[in-house]
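1. heads up, no residue letters with this:
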């Protein structure tokens, strides 16, 4: 594979703290909450957990994919303001589809080279509030003409360049790497079982913040807030991990005739938000969550977009001088089972280091927020098991892959 791409190394960047909301199924308790308000929730919480005055923040970086509220253009700015960041601090919207969370961290680390001391990174996604949209009716409707409204959430999965949806690109990888339906279903079953075990063990308790009905005040401005759906008073755990077995998964019909991808071995559709504080290691006065070492992003063929993490990880290792054997844990987004298994096959990764607490097949994939979740989950695993290096990676619709290398600051040889 071509190793061309963009590589960035960071000499003095750390994640002070990182948190997320629970990932909640499409149409669930978070379904009526604006991604801006979910972002404000985690923005406030990460600052409080870190014990950092919001006025110390020098930069706000925020990302969200869907136009999930009428004030969507204001998402980065409102997240910063209602999180308590000083009015003079600018806010920037960031977008790299499924790798948006990684891109937030990369850009924050890059900003530390200049005058920024502390950056607030927030990614928030409401898949439930993706609109039913029309792009061709600004001038009205012709008498007897076609009225065309489409489901943005569904249509966004289609890439017109190869003429394929994301599921079909995963089917392409299954054919290329000889991956059977049984292997995919087995991986999906394992993902759910690992996630259920991790949930039972409290593995995510430290990173998840409870979301309840509340109001966000900002002096001199209109209040914002969270109002949960389905009469929920609070949400404190991921909703999608569930007991399943191979028999149940094998009964599901493939999305495309002759394909191997089903609803059961593809990622869950969920709502959620995540936040991280990125600052300088040299200014850290308490143990950091993770040291940001490097990032890599590459382009791949759109019809095989899911393989993107493989060349991104190779570039990351090549330029950082590390080997696969040096990496204690890998968190690779499970967009589809065929996609993550193809990456594992290409890199010859063993399952004992890959997504050991389950992945997005079980937890879900709120597009922009997934990258931050992968990194914070990875960082806490490294700390818990005294491992030094970890890599988080994801494929990106349209044909890209991105990977991030982190180090455990508390590692002891």
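-> It's in. Since this is a predicted model, take the numbers as computed values, not measurements.

2. What ranges does the stretch 151-300 of the chain have for its strands?
-> Ranges of strands within the stretch 151-300 of the chain are 158-159, 164-165, 211-212, 214-216, 224-226, 234-235, 270-280, 290-299, based on DSSP state E, counting those that start in this stretch.

3. Buried deepest among those strands, which one?
-> Comparing these by mean neighbour count (mean count of other Cβ atoms under 10 Å), strand 270-280 comes out on top with a mean of 29. In short, each C-beta sits where N, CA and C put it, glycine included.

4. Of all the strands of the stretch 151-300 of the chain, which one is nearest residue 51?
-> strand 270-280 (10.5 Å; Cβ to Cβ).

5. What mean pLDDT does the closest one get?
-> In this model, strand 270-280 carries a mean pLDDT of 98.

6. Would you give the sheet partners of that strand, along with the direction of each?
-> Looking at strand 270-280 with DSSP bridges, its partner strands are strand 6-20 (antiparallel), strand 24-25 (antiparallel), strand 118-125 (antiparallel).

7. and that strand with strand 290-299, angle?
-> 120 degrees (axes from the mean of the first three to the mean of the last three Cα atoms, to 10 degrees).

8. Retrieve the pLDDT associated with residue 179.
-> 97.

9. let me redo that: residue 155
-> 93.

10. related to what we said a few turns ago, would you format the strands paired with strand 270-280 as JSON lines with mean pLDDT, mean neighbour count and distance to residue 100 included?
-> Listed next are those as JSON lines, based on pLDDT from 0 to 100; neighbours: other Cβ atoms under 10 Å; distance: least, Cβ to Cβ, whole Å:
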{"stretch": "strand 6-20", "mean pLDDT": "97", "mean neighbour count": "21", "distance to residue 100": "14"}
{"stretch": "strand 24-25", "mean pLDDT": "98", "mean neighbour count": "24", "distance to residue 100": "19"}
{"stretch": "strand 118-125", "mean pLDDT": "98", "mean neighbour count": "30", "distance to residue 100": "6"}
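
11. picking that back up, with respect to residue 364, which of the strands of the stretch 151-300 of the chain lies nearest?
-> Across the strands of the stretch 151-300 of the chain, closest to residue 364 is strand 270-280 (Cβ to Cβ), at 3.1 Å.

12. Could you check how far that closest one is from the centre of its chain?
-> 9 Å (Cα atoms, centre = their mean, to the nearest Å).

13. cool, stretch 301-313 as well?
-> With Cα atoms, centre = their mean, you get 17 Å for stretch 301-313.

14. What are the buried residues along it?
-> Within stretch 301-313, the residues that count as buried by 16 or more other Cβ atoms under 10 Å are 302-313.

15. related to what we said a few turns ago, could the strands of the stretch 151-300 of the chain go into CSV alongside distance to residue 255?
-> As requested, the strands of the stretch 151-300 of the chain are exported to CSV (distance: least, Cβ to Cβ, whole Å):
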stretch, distance to residue 255
strand 158-159, 12
strand 164-165, 8
strand 211-212, 31
strand 214-216, 39
strand 224-226, 34
strand 234-235, 29
strand 270-280, 18
strand 290-299, 25
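
16. where's residue 374, which helix or strand?
-> helix 370-385 (DSSP states H and E).

17. between that helix and strand 290-299, how big is the angle?
-> 140 degrees.

18. in the protein, which spans are helices?
-> Ranges of helices in the chain, per DSSP state H, are 35-50, 75-82, 100-111, 152-155, 166-177, 181-200, 246-250, 309-320, 337-347, 360-363, 370-385.

19. which strands and helices sit next to the last one?
-> In terms of contact count using 3 or more Cβ pairs under 8 Å, 6 or more residues apart in numbering; DSSP states H and E, helix 370-385 is assigned the packing partners strand 6-20, helix 100-111, strand 118-125, strand 270-280, strand 290-299, strand 327-332, strand 389-396, strand 400-407.

20. would a markdown table of these with distance to residue 222 be doable?
-> Below are the helices and strands packed on helix 370-385 laid out as a markdown table (distance: least, Cβ to Cβ, whole Å):
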| stretch | distance to residue 222 |
| --- | --- |
| strand 6-20 | 26 |
| helix 100-111 | 27 |
| strand 118-125 | 19 |
| strand 270-280 | 21 |
| strand 290-299 | 36 |
| strand 327-332 | 39 |
| strand 389-396 | 36 |
| strand 400-407 | 37 |
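
21. among those, which is nearest residue 371?
-> For residue 371, the closest of the helices and strands packed on helix 370-385 is helix 100-111, at 2.2 Å, according to Cβ to Cβ.

22. who's in contact with the residue nearest the centre of the chain?
-> Centroid-nearest residue in the chain: residue 370, 1.0 Å away (criterion: Cα atoms, centre = their mean). For residue 370, the contact set (Cβ atoms under 8 Å, 6 or more residues apart in numbering) comprises 98, 101, 333, 360, 394.

23. Which of these sits closest to residue 282?
-> Using Cβ to Cβ, the contacts of residue 370 come closest to residue 282 at residue 101, 24.6 Å.
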